[in-house]
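Colleague: pasting the sequence and the predicted coordinates here, then a few questions.
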Amino acid sequence: SHCRRSVAAGLNELTAVIESLWPNQVPEDLSKGTLTALEKERTPETAALLAAFLETLGRIAVNRGDYAGFETILTGLERAPKDKEHDHMTNLARRMIAQDRWLVLVDASFANRALDPVLPRLLQRDPERLLDRMSLLLTEPMSHEMVPGMARLLRTIGVPVLNLLEARLYDSRKQRVSAAIKLLAATDPERLLRGVDRAIAAWEWNLQDLAVSELSRPTNSASAQSAAGVFARVLADAHPLVVPMMIDQIGLAMEITAVPQLMEIASGEHEMLRDQFVRIKAIEALGRMRAVEAIEL
């Protein structure tokens, strides 16, 4: 036990040397050997020294952009038996992706370069925390520049995080809803449309405006027809300040199923939508669609 403790202490003293040589001149099995030793070690003091060394290796790997090396360490810790004797390994795995290291991983995934395939695998471990970080970043100036990188990461992770993002459309916290709208518009507009269909009546007008604006962008032209159909269904639930933009989109997409409703608005007979500007917009949309049914009106 004395020899093992001396070796573990010596490894920690080599931190500066290892950091200067990482990754190409460091033995490939260094982290694996340490993991094996940690799993077998029963002396608390020696186990703590080995854990500290592994945590140092993880920090160096993340700081040097060696995400595959970091994943190897983390995966090894997560594979340890889930019992009381190995609690120290489970706790170390949690510490390995503590707040500061997690932020480095998230921010690296948005960088303007090819996405490292390891990063999505690391970040999908905690999709809630990932989306919280994205929501916070989207409140900053020039946040729109980060949206393409965020969308790329979300598409790569796929269904688990997209389902969670869609669920956030119904959250009571405005910042979460706003971020979900922006990210789904860039990643999966059809999911956003499902949310608009169900939640628009509960949203404040500025959230409605954001959703309609995002769905009406030229970049979402592939979903223009679907969006127009949804807008026609929820028109009466939308805020009066948002309705004109929705009617414009209905007209541009030639959503002919909305013609009877637009005629009702244009004639001033709609129960909710009687504002003169909204009526003008309805007339414009009918004209755009060459709606012959509206000629007599």
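Modeller: Cool, got the structure.
Colleague: quick one: the helices in the stretch 51-200 of the chain?
Modeller: For the stretch 51-200 of the chain, applying DSSP state H, counting those that start in this stretch gives helices covering 67-78, 87-96, 99-109, 118-123, 127-137, 147-157, 159-167, 174-187, 189-199.
Colleague: just put those helices in TSV and tack on mean neighbour count and mean pLDDT.
Modeller: For glycine as for every other residue, the C-beta is placed from the backbone atoms N, C-alpha and C. Below are the helices of the stretch 51-200 of the chain laid out as TSV (neighbours: other CB atoms under 10 Å; pLDDT from 0 to 100):
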stretch	mean neighbour count	mean pLDDT
helix 67-78	19	91
helix 87-96	17	86
helix 99-109	16	88
helix 118-123	20	94
helix 127-137	18	94
helix 147-157	18	94
helix 159-167	15	94
helix 174-187	22	95
helix 189-199	19	94
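Colleague: any idea which of those gets closest to residue 3?
Modeller: With respect to residue 3, and counting by CB to CB, the nearest of these is helix 87-96 at 20.5 Å.
Colleague: so which elements touch the closest one?
Modeller: Applying 3 or more CB pairs under 8 Å, 6 or more residues apart in numbering; DSSP states H and E, one finds that helix 87-96 contacts helix 30-40, helix 44-63, helix 67-78.
Colleague: and the helices of the stretch 51-200 of the chain as JSON lines, adding distance to residue 231?
Modeller: Formatted as JSON lines, these follow (distance: least, CB to CB, whole Å):
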{"stretch": "helix 67-78", "distance to residue 231": "42"}
{"stretch": "helix 87-96", "distance to residue 231": "45"}
{"stretch": "helix 99-109", "distance to residue 231": "33"}
{"stretch": "helix 118-123", "distance to residue 231": "33"}
{"stretch": "helix 127-137", "distance to residue 231": "26"}
{"stretch": "helix 147-157", "distance to residue 231": "23"}
{"stretch": "helix 159-167", "distance to residue 231": "19"}
{"stretch": "helix 174-187", "distance to residue 231": "14"}
{"stretch": "helix 189-199", "distance to residue 231": "8"}
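Colleague: ok, now how distant is residue 180 from residue 253?
Modeller: Counting by CB to CB, to the nearest Å, the gap between residue 180 and residue 253 amounts to 24 Å.
Colleague: also residue 14?
Modeller: Distance of residue 14 to residue 253, computed by CB to CB: 65 Å.
Colleague: ok, those two, which is more surrounded?
Modeller: Taking other CB atoms under 10 Å, residue 14 and residue 253 do not tie; residue 253 has more neighbours (23 against 14).
Colleague: OK, contacts around that one?
Modeller: Contacts for residue 253 were tallied using CB atoms under 8 Å, 6 or more residues apart in numbering; they are 224-225, 227-228.
Colleague: buried ones from these, can you make that a ChimeraX selection?
Modeller: ChimeraX command restricting those to the buried ones, with burial defined by 16 or more other CB atoms under 10 Å:
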select :224,227,228
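Colleague: out of the contacts of residue 253, which one sits closest to residue 32?
Modeller: Of all the contacts of residue 253, residue 227 has the smallest distance to residue 32: 51.5 Å, by CB to CB.
Colleague: that closest one: which element?
Modeller: In the assignment (DSSP states H and E), residue 227 maps to helix 224-234.
Colleague: what's the angle from that helix to helix 189-199?
Modeller: 0 degrees (axes from the mean of the first three to the mean of the last three CA atoms, to 10 degrees).
Colleague: pull helix 224-234 out as PDB, backbone CA atoms only.
Modeller: C-alpha atoms of helix 224-234 as PDB (Å, rounded to 0.1, in the frame of the first residue of the first chain):
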ATOM      1  CA  ALA A 224     -44.000  28.000 -45.800                       C
ATOM      2  CA  GLN A 225     -47.000  26.000 -46.800                       C
ATOM      3  CA  SER A 226     -47.300  24.100 -43.500                       C
ATOM      4  CA  ALA A 227     -46.800  27.400 -41.600                       C
ATOM      5  CA  ALA A 228     -49.600  29.100 -43.600                       C
ATOM      6  CA  GLY A 229     -52.000  26.200 -42.800                       C
ATOM      7  CA  VAL A 230     -51.200  26.500 -39.100                       C
ATOM      8  CA  PHE A 231     -51.500  30.300 -39.100                       C
ATOM      9  CA  ALA A 232     -54.900  30.000 -40.700                       C
ATOM     10  CA  ARG A 233     -56.100  27.600 -37.900                       C
ATOM     11  CA  VAL A 234     -54.800  29.800 -35.100                       C
END
